[in-house]
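>>> here is a sequence together with a model predicted from it:
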Amino acid sequence: MKQIETVAVVGLGAVGAVVAEQLLSVLGNKLYCVMDAERKARYQASGIVINGKKADFNFVTPDEVPVVDLVIFATKNLQFNEALAEAKNAVGPNTALLSLLNGVHSETEIERVYGAEKTLYGFIVNLQSINKHGNIDCAGRGIILFGEKDNHRSERIEAIHQLFETAHIVHKIPENIRLEMWKKLLMNTVFNSIGAICRSTFAGFNFPVMQSLVRKIGNEVIQVANAEGFALTNDDLEENLRLTCNYTPLGKCSMLQDIEAGRKTENAYFCGTITKLGKAHGIPTPYCEFLGELLEGTELARSIIKEC
Ligand SMILES: NC(=O)C1=CN([C@@H]2O[C@H](COP(=O)(O)OP(=O)(O)OC[C@H]3O[C@@H](n4cnc5c(N)ncnc54)[C@H](OP(=O)(O)O)[C@@H]3O)[C@@H](O)[C@H]2O)C=CC1
Ligand SMILES: CC(C)(CO)C(=O)C(=O)O
């Protein structure tokens, strides 16, 4: 793969729309935004608006998309199975598949459905983007980290690097992409789950009681990561805590935004993953299990009120 000429994006929310908008300037109509017919009709009617400007995306249904060089997934984990199926016609023998979803689940699913040889590893950090029904307010476009599972600089990694350079997408090809993904999972499991259950903005993490929760949950994630072969340390946790305390004081993690908007959260992919892997390795994770159950209970209790 010398050059990436065609890209399909599945999921045009806070992450996907922002990345797609940057690619649009380079690829034009060769950027295909894939979605079901109901979404296509809805988006054609209302458009996707990023920072007040309507993006001129090429919306296509799964039947309309051709085989492309690169597919980028950016739905929530809860919608990922549908997204995977919708990408079927875009995937040919040389297509590379990159997921920007949080957690460590989506790459395994891509490998299972489309094969390990097509699967890249990746995620996005430092994005400051809020999606209100297709109206996206983006204060920071974030950094995409990506790589091959074994971290070698393949031809397709170089081709994506070139594409992102041309589209001014800030990106990094780290030495060990899967270690970086576990660092992000540490961050999401700790700060998203605690922030959501305590209804706390980032400033709340300055309180000693919140920091005590951070260390209890974080310690379990580190133990599970180590058992999985990823050398996370306490320094990673303390660095994350320092960063989070310095975020804009009234900012909210995405899981708290989901709770407040009445959406289902990605709890199953954060505390849920740690609890499940902890059991598989014989590592007790009582704090993650308890926090995960509190979040699940919060979502269920909320659904009863909604139905009444
Ligand atoms: N938001 C953030 O700041 C960050 C998010 N992430 C991660 O990135 C991932 C995406 O998050 P985010 O962008 O916030 O989520 P959003 O909910 O904003 O966006 C998801 C998008 O996917 C669309 N979608 C859902 N199902 C389908 C489908 N079957 N076909 C096509 N499109 C579909 C949704 O459409 P519709 O709205 O029409 O239902 C929505 O536009 C998550 O894993 C999240 O944890 C990572 C870093 C930062
Ligand atoms: C809060 C933060 C930055 C880290 O957990 C995040 O990734 C999110 O809001 O989803």
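Yes, it's here. Ligands and ions are numbered 1, 2, ... in the order given.
>>> residues from the stretch 201-308 of the chain in reach of ligand 2?
Listed as neighbours of ligand 2 in the stretch 201-308 of the chain under the rule C-beta under 6 Å from any ligand atom: 253-254. For every residue, glycine as well, the C-beta is placed using N, CA and C.
>>> enumerate the residues of the stretch 201-308 of the chain near ligand 1.
Residues of the stretch 201-308 of the chain lying near ligand 1 (C-beta under 6 Å from any ligand atom): 254, 266.
>>> the stretch 51-200 of the chain too?
Within the stretch 51-200 of the chain, the positions adjacent to ligand 1 are 74-77, 79, 82-83, 86, 100-102, 124, 127, 129, 131 by C-beta under 6 Å from any ligand atom.
>>> quick check on those residues: which are buried?
Listed as buried from those are 74-77, 79, 83, 86, 100-102, 124, 127, 129, 131; burial here means 16 or more other C-beta atoms under 10 Å.
>>> pipe those into a markdown table and attach secondary structure, distance to G272 and pLDDT per row.
Converted to a markdown table, those look like this (DSSP: H, G, I helix; E, B strand; the rest coil; distance: C-beta to C-beta, whole Å; pLDDT from 0 to 100):
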| residue | secondary structure | distance to G272 | pLDDT |
| --- | --- | --- | --- |
| A74 | coil | 21 | 98 |
| T75 | coil | 18 | 97 |
| K76 | coil | 14 | 95 |
| N77 | helix | 10 | 96 |
| Q79 | helix | 16 | 96 |
| A83 | helix | 19 | 98 |
| E86 | helix | 24 | 98 |
| L100 | coil | 20 | 98 |
| L101 | coil | 14 | 97 |
| N102 | coil | 13 | 96 |
| I124 | strand | 21 | 97 |
| L127 | strand | 23 | 89 |
| S129 | strand | 24 | 85 |
| N131 | strand | 23 | 88 |
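>>> for S303, give its distance to E296.
11 Å (C-beta to C-beta, to the nearest Å).
>>> more crowded one of the two?
Higher neighbour count among S303 and E296: E296, with 16 against 11, using other C-beta atoms under 10 Å.
>>> what about the more buried one, distance to I110?
Distance, E296 to I110, using C-beta to C-beta: 26 Å.
>>> can you check A231 too?
According to C-beta to C-beta, A231 and I110 sit 25 Å apart.
>>> out of these two, which sits in the busier spot?
I110 (24 against 11).
>>> ok, the more buried one - contacts?
73, 84, 97, 99, 118-119 (C-beta atoms under 8 Å, 6 or more residues apart in numbering).
>>> tell me which element it falls in.
Secondary structure assigned from DSSP states H and E places I110 in helix 106-114.
>>> list the buried residues in that helix.
Residues of helix 106-114 classed as buried: 106-107, 109-110, 113-114 (neighbour count, 16+ other C-beta under 10 Å).
>>> what do you get for stretch 181-199?
So stretch 181-199, judged by 16+ other C-beta under 10 Å, has buried residues 181-197.
>>> would you mind finding the longest helix in the protein?
helix 286-307 (DSSP state H).
>>> which other helices and strands contact the one helix or strand L23 maps to?
Taking DSSP H and E as the criterion, L23 maps to helix 16-27. The helices and strands touching helix 16-27, judged by 3 or more C-beta pairs under 8 Å, 6 or more residues apart in numbering; DSSP states H and E, are strand 7-10, strand 31-34, strand 48-50, strand 53-55, strand 70-73, strand 121-132, strand 135-147, helix 155-166.
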